[in-house]
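[1] After the sequence you'll find the predicted model.
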Amino acid sequence: MKHTVSLRRAVAVGAMAAATCSLVTGMAVYGVAHPSGELAEIYDALEEVQAIVDSRFVGDYDMDEVRDYVLTGYAEGLGDRWTSYMTEEYYQNYLDSAAESTVGIGVTVSAKTEDDGSTVLRVESVAHGSPAEQAGIGAYDEITAVDGTTIDELGGYEDAVDAILGEEGKRVTLTVHGYATGKSTDITVTRQEYEQIHVTARMLEDNIGHICIERFTDQTDEQFLDALEQMQAEGATSLIFDLRNNPGGQLTALVNSLDPLLPEGDIISLKDKEAKPETYTSHADELKLPIAVIVNEDSYSAAEFFAAALQEYGKATVIGEKTCGKGYSQQGFPLSGGGCLNISTNCYYTPKGESLIGKGVTPDVTVSLSDDKTERFYVLEDSEDDQLQAAIDAVKS
């Protein structure tokens with residue numbers, strides 16, 4: 001389980017994946033009539049179960065929690081791995097994560113059990129420009145205590161995450177065992193508002209621009225266009241787009257990012273339940289530089305279609321591993337009880353009309369990282385990164 005430490009209570013990444021790996025087309029509110037037919041049978045079954053619980057169950061329970069489990073089970077029962085129910089708390093955190101800015105320290109953590117049985121928080125990633133990054137916290141560092149109290153003394157993972165959360169402007173002191181240094185130190189971080197940065201750019205040797213797209217949000221297209229302009233202004237003669245571990249995201253961000261790269265033509269098309277098509281197209285202006293795109297098995301949804309479009313137009317060499325193979329987009333329907341049902345509402349297709357469901361994108365050059373390098377992905381030196389080196393070779397040739 002992973003959590004993003006922000007203003008509100010952290011949210012489970014397993015559920016988040018179902019939402020953020022999507023090409024989310026929007027949110028809608030939907031009403032239902034009095035149940036009938038098979039739905040009435042479900043209601044009758046629930047009433048029967050509740051009657052048994054009321055008369056015989058000796059334990060305590062929370063009806064709100066029961067409701068969340070019922071709705072979660074319903075979503076899972078549809079048999080679509082991309083469909084999910086989000087609790088009210090989770091849904092609010094999902095909305096926060098998509099905002100232009102957020103308040104917190106800016107780390108994503110997971111629980112790790114040490115050899116002695118104690119629990120620590122392993123830092124999976126650090127948000128760009130966040131208070132945590134500014135304080136020197138890095139990926140794979142381990143948080144062993146919060147304000148002098150160990151994770152276990154706080155009550156475990158969930159309570160430790162709660163202890164890190166807090167109001168803007170308030171400070172929290174973390175005891176951090178550094179991945180790079182192997183030493184423990186106390187680091188005081190002030191919870192602050194910071195901009196969500198999902199696109200970063202840097203210049204490699206030989207005027208090769210490297211642009212990393214971490215996910216597609218409402219801000220990604222603007223950040224991507226800025227990065228593209230920056231690399232060209234700095235004299236880039238070729239470009240590498242890095243979409244490894246990108247979980248996908250917003251359709252409009254994908255379309256707007258691809259438009260300046262592609263010639264006039266289709267970018268992506270969708271079909272809803274009634275098979276009604278909707279196609280997004282690009283303008284005639286196109287970038288004419290050598291391009292490589294790096295993907296891996298954890299490149300989902302919008303990340304896959306970014307690579308597929310450039311590949312089908314012959315605009316880029318795709319490097320890395322076969323991608324996930326996701327071909328549905330999701331739409332969120334807020335519920336009257338405060339949660340949200342996120343369901344698959346469209347099938348989508350590449351510029352050539354291909355579905356990626358179960359197929360994914362097959363790289364032009366297949367390159368995998370070793371297990372050790374995959375484990376250290378976010379701290380790899382460029383010279384160690386076999387996929388990046390293959391992309392460099394591709395744009396050079």
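    Nice, thanks for sending it over. Not measured: the values here are computed from a predicted model.
[2] Buried ones in stretch 194-205, by neighbour count?
    Neighbour-count burial for stretch 194-205 flags 194, 196-199, 201, 204 (criterion: 16 or more other Cβ atoms under 10 Å). Heads up, the C-betas are built off the backbone N, CA and C, glycines and all.
[3] Just send those residues back as TSV, with pLDDT too.
    Formatted as TSV, these follow (pLDDT from 0 to 100):
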residue	pLDDT
194	86
196	85
197	92
198	93
199	97
201	98
204	98
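[4] Which member of those is positioned nearest residue 326?
    For these, the minimum distance to residue 326 (Cβ to Cβ) is 18.7 Å, reached by residue 198.
[5] so how far is residue 213 from that closest one?
    Going from residue 198 to residue 213 by Cβ to Cβ, to the nearest Å gives 7 Å.
[6] Just the pLDDT at the spatially closest residue to residue 190 that is not a sequence neighbour, thanks.
    Take residue 190 and drop its neighbours on the chain: the residue closest to it by Cβ to Cβ, 6 or more residues apart in numbering is residue 171, 5.0 Å away. Here the pLDDT value assigned to residue 171 is 94.
[7] Quick one: residues contacting residue 171.
    For residue 171, the contact set (Cβ atoms under 8 Å, 6 or more residues apart in numbering) comprises 188-191.
[8] Backbone dihedrals for it, please?
    phi -100, psi 150 (degrees, to the nearest 10).
[9] Please state the offset of stretch 158-172 from the chain centre?
    22 Å (Cα atoms, centre = their mean, to the nearest Å).
[10] Export only the CA atoms of that stretch, formatted as PDB.
    Extracted in PDB, the C-alpha atoms of stretch 158-172 (Å, rounded to 0.1, in the frame of the first residue of the first chain):
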ATOM      1  CA  GLU A 158      -1.800   4.500   8.900                       C
ATOM      2  CA  ASP A 159      -1.200   6.400  12.200                       C
ATOM      3  CA  ALA A 160       2.300   7.500  11.100                       C
ATOM      4  CA  VAL A 161       0.900   8.900   7.900                       C
ATOM      5  CA  ASP A 162      -1.700  10.800   9.900                       C
ATOM      6  CA  ALA A 163       1.100  12.200  12.100                       C
ATOM      7  CA  ILE A 164       2.900  13.500   9.000                       C
ATOM      8  CA  LEU A 165      -0.200  15.200   7.700                       C
ATOM      9  CA  GLY A 166      -1.100  18.600   9.100                       C
ATOM     10  CA  GLU A 167      -1.800  22.300   8.500                       C
ATOM     11  CA  GLU A 168       0.000  24.500   6.100                       C
ATOM     12  CA  GLY A 169       2.900  26.300   7.800                       C
ATOM     13  CA  LYS A 170       3.200  23.700  10.600                       C
ATOM     14  CA  ARG A 171       6.500  21.900  10.900                       C
ATOM     15  CA  VAL A 172       7.100  18.100  11.300                       C
END
